[in-house]
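1. The following comprises the amino acid sequence and a computationally predicted model.
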Amino acid sequence: MISSKWLLNQLLKNSTIKYKSSGFTLIELLVAMILATLVITPLLGFMINILDSDRREQAKANTEQELKATLDFIARDLEQAVYIYDDTGINAIRNQLPPVSATTHFPVLVFWKRQYIKNGIGITTTSNNCNTQPERCDDTFSYSLVAYYLIKENSQTWSNAARIGRFQISDGYGDTDQAKAATRDAGFQLFDLTGTGDLITKMNRWTRNGTYNQQILTVVDYIDRTQTTASTSNLANCPANPTNSFHVCVDSANTVAEVFLRGNALARFENTPPNYSEQTKNYFPQARVRIEGRGFVFTK
C-alpha cells in the first residue's frame, strides 16, 4: 500500500514538472514580444532605408545613362549642322515652328543640317527606281530643319517631370522635280539666301510652306522642370551651372553649340517630383557636350 502511494506521488510530481516546463506563462510571452518589437523595429526601419536608398541610386544611375545617351544623339545630329540659331534667331522664327502651346513647349535648339540619303539619286540617263535598282543610284543629301523642345505638358504617357522632344522636316530628293516633291515633308521650305542682309538676317527670315504633318517625338523623359522657360545664350558667356534644365550656348558664327541637360531622378517614383535644390541636387544629374557643325551654309 505504501509503495503504491509513493509511486502515485512520484507520477504526479513528474507530471507537474513536465507541465511546467512545456510552455511559457503570459508574462513571459508579453516580455518576449516587447523585446522582439524593440529589436525588430529599428532593424526593419534600417532595411527600409537601405531599400529606399538603393532605389534612389538606381534611379539616379538610369537618369545619368539616359542623359549621356541623349547628348550623344544630339551630338551626332549637330555634327551635320550647317547653321545653328541663337536665341534671337529662335524668337524670329518661333511662329514658323510647329504651332504648339507656348506655355508648355519651348524650342531651345534649332538648326539646319545636311541629311544623308543613301541611293537617293540615279546615275544613269534612264529612269531609275532606287528602291529596286540601288546599283543604278548614288548617295545624295537634302537639307533638314531640326528643332529640340523642352516640353512641360501634363501627359498620362510621360512623367510629371519635363521631357525633350525632337521635330524634323526635310527637303525632297530624286532625279526629277516630281520625285523631289513626293519625298519632301509637308510644310518644308528651304531657306532663302537671296536679298539684302547678312547670313543671320537671311536665315532669320525663314518661313514655312503650309502646314506640318510631322509630330514632335519624345527623345528622353525625366528632365528637371524647375524653370518654366527654356534658355539659349552666347557661347562666350555660357554659364557653368545654368538655371534651366535644357540650356544651349551658340557661338557668334552659328556653327558651334554647347548643350546642357539636367535630369530629375526623383520623378521616377514620385508623382509630384520636387524642384531642384541644394538638398536634393545629388538626384538631379547633369551633363553637357560641345559640338562643332559642318560650317556655314554652302561653304563646306
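-> Yep, it's here. Numbering: from 1, shown residues only.

2. from here on, contacts and neighbour counts on C-alpha atoms
-> OK.

3. The residue positioned nearest the centre of the chain pairs with what?
-> With distances taken as Cα atoms, centre = their mean, the residue of the chain nearest its centroid is residue 220 (2.2 Å). Using DSSP bridges, the beta-bridge partners of residue 220 come out as residue 164.

4. which residues touch it?
-> Going by Cα atoms under 8 Å, 6 or more residues apart in numbering, residue 220 touches 66, 67, 70, 163, 164, 165.

5. ok, longest strand in this structure?
-> Longest strand of the chain, by residue count under DSSP state E: strand 105-122.

6. next structured bit after that strand?
-> Following strand 105-122 in sequence order, the next helix or strand is strand 137-151 (DSSP states H and E).

7. Pairing partners for that following strand, with directions?
-> In the sheet, strand 137-151 lines up against strand 105-122 (antiparallel), strand 162-170 (antiparallel) (DSSP bridges).

8. now those strands as CSV including distance to residue 213, mean neighbour count and mean pLDDT?
-> Output for the strands paired with strand 137-151, formatted as CSV (distance: least, Cα to Cα, whole Å; neighbours: other Cα atoms under 10 Å; pLDDT from 0 to 100):
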stretch, distance to residue 213, mean neighbour count, mean pLDDT
strand 105-122, 17, 22, 86
strand 162-170, 9, 21, 95
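
9. Show me the one of the ones you listed that comes nearest residue 232.
-> In terms of Cα to Cα, the element of these nearest to residue 232 is strand 105-122, at 6.4 Å.

10. From the chain's centroid, how far away is that closest one?
-> Mean C-alpha position of strand 105-122 versus that of the full chain (Cα atoms, centre = their mean, to the nearest Å) differs by 20 Å.

11. picking that back up, would you list the contacts of residue 220 in TSV and tack on distance to residue 56?
-> Formatted as TSV, the contacts of residue 220 follow (distance: Cα to Cα, whole Å):
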residue	distance to residue 56
66	15
67	16
70	21
163	20
164	22
165	25
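
12. still on that earlier bit, how about the strands paired with strand 137-151 in a markdown table, adding distance to residue 293?
-> Compiled in a markdown table, these are given as follows (distance: least, Cα to Cα, whole Å):
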| stretch | distance to residue 293 |
| --- | --- |
| strand 105-122 | 8 |
| strand 162-170 | 17 |
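
13. between those strands, which one is nearest to residue 42?
-> Nearest of those (Cα to Cα): strand 162-170, 37.5 Å.

14. For the closest one, output the C-alpha coordinates as CSV.
-> Taking Å, rounded to 0.1, in the frame of the first residue of the first chain, the C-alpha atoms of strand 162-170 are listed here in CSV:
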residue,chain,number,x,y,z
ALA,A,162,9.7,67.6,-68.2
ARG,A,163,10.9,65.8,-71.4
ILE,A,164,12.9,66.6,-74.5
GLY,A,165,11.1,66.4,-77.9
ARG,A,166,12.5,66.5,-81.4
PHE,A,167,10.9,67.8,-84.6
GLN,A,168,12.3,67.5,-88.1
ILE,A,169,11.2,68.4,-91.6
SER,A,170,13.3,67.5,-94.7
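
15. C-terminal to it, what's the next element?
-> In N-to-C order, the element after strand 162-170 by DSSP H and E is helix 177-183.

16. Show me the shaky parts of this protein.
-> Counting by pLDDT under 70, the chain has low-confidence residues at 1-24, 46-47, 51, 124-132, 134, 228-230, 296-300.

17. Show me the longest helix that occurs in it.
-> Longest helix in the chain by number of residues (criterion: DSSP state H): helix 26-78.

18. I'd like the next helix or strand past that helix.
-> Next along from helix 26-78, by DSSP H and E: strand 81-84.

19. what residues does that following strand touch?
-> 109-114, 250, 254-257, 293-297.

20. do the same with stretch 267-281
-> Contacts of stretch 267-281 (Cα under 8 Å, 6+ apart): 59, 159, 160, 161, 222, 224, 225, 226, 264, 266, 284.

21. okay if I get those residues as a markdown table plus secondary structure?
-> Putting the contacts of stretch 267-281 into a markdown table (DSSP: H, G, I helix; E, B strand; the rest coil) gives the following:
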| residue | secondary structure |
| --- | --- |
| 59 | helix |
| 159 | coil |
| 160 | coil |
| 161 | coil |
| 222 | strand |
| 224 | coil |
| 225 | coil |
| 226 | coil |
| 264 | coil |
| 266 | helix |
| 284 | coil |
